[in-house]
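[1] need a structure here:
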Amino acid sequence: IVDCNGKGSFFPTLYAAWKHPTLLPAVPIHPPVSKFVVNGADLMLPGIAIGDGGLNSAEGMPNFEKGEGMFVYCVGNPMPIAVGEM
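    So this is what the prediction gives:
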């Protein structure tokens with residue numbers, strides 16, 4: 001568990017995410033988007049995979065509150081590639 005911003009908001013490490021992939025809600029992304037997310041880019045709605053192995057519809061998005069943690073994974077690979085904050 002890591003406090004990324006020094007404000008007491010603790011998030012699991014990526015290693016913990018691999019061990020427990022259902023610990024936090026997760027959003028699927030298109031594989032070409034992964035290189036940007038892994039390099040630190042913010043994830044925006046167009047990068048989220050809807051259909052084609054991702055979410056069935058935009059209504060299928062997990063409910064998030066600002067500041068909550070989430071996992072990000074690529075369609076076709078169920079293991080998280082990033083841990084983020086909404």
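[2] what's the burial count for I50?
    I50 has 16 neighbouring residues, counting by other C-beta atoms under 10 Å. (C-beta placed from N, C-alpha, C; glycine too.)
[3] Then P80?
    Tallying neighbours of P80 according to other C-beta under 10 Å, which is how burial is gauged here, yields 23.
[4] Low-confidence stretches in the protein?
    Of all residues in the chain, those with pLDDT under 70 make up the ranges 1-9, 52-53, 55-60.
[5] now do 50
    Counting by pLDDT under 50, the chain shows no low-confidence range.
[6] Where does the spatially most central residue of the chain sit: helix, strand or coil?
    For the chain, the residue lying nearest the average C-alpha position, counting by C-alpha atoms, centre = their mean, turns out to be V72 (2.1 Å). Under DSSP: H, G, I helix; E, B strand; the rest coil, V72 falls in the strand class.
[7] Tell me who's in contact with it.
    With C-beta atoms under 8 Å, 6 or more residues apart in numbering as the criterion, the residues that contact V72 are 26-27, 29, 37, 43, 80-84.
[8] go again using 6 Å as the cut-off
    Taking C-beta atoms under 6 Å, 6 or more residues apart in numbering as the contact definition, V72 lies against 27, 29, 37, 81-82, 84.
[9] by contact count, what packs against the helix or strand hosting W18?
    W18 is part of helix 14-19 when elements are defined by DSSP states H and E. Judged by 3 or more C-beta pairs under 6 Å, 6 or more residues apart in numbering; DSSP states H and E, helix 14-19 is in contact with strand 80-85.
[10] Show me the contact partners of the helix or strand following the helix holding W18.
    Per DSSP H and E, the first helix or strand lying C-terminal to helix 14-19 is strand 26-29. Applying C-beta under 6 Å, 6+ apart, the external contacts of strand 26-29 come out as 47-49, 54, 71-75.
[11] looking at these, which has the most residues close by?
    In terms of neighbour count, F71 stands highest of the contacts of strand 26-29 at 25 neighbours, by other C-beta under 10 Å.
[12] is it true that it touches W18?
    No - taking C-beta atoms under 6 Å as the contact criterion, F71 and W18 are not neighbours in contact, 9.9 Å apart.
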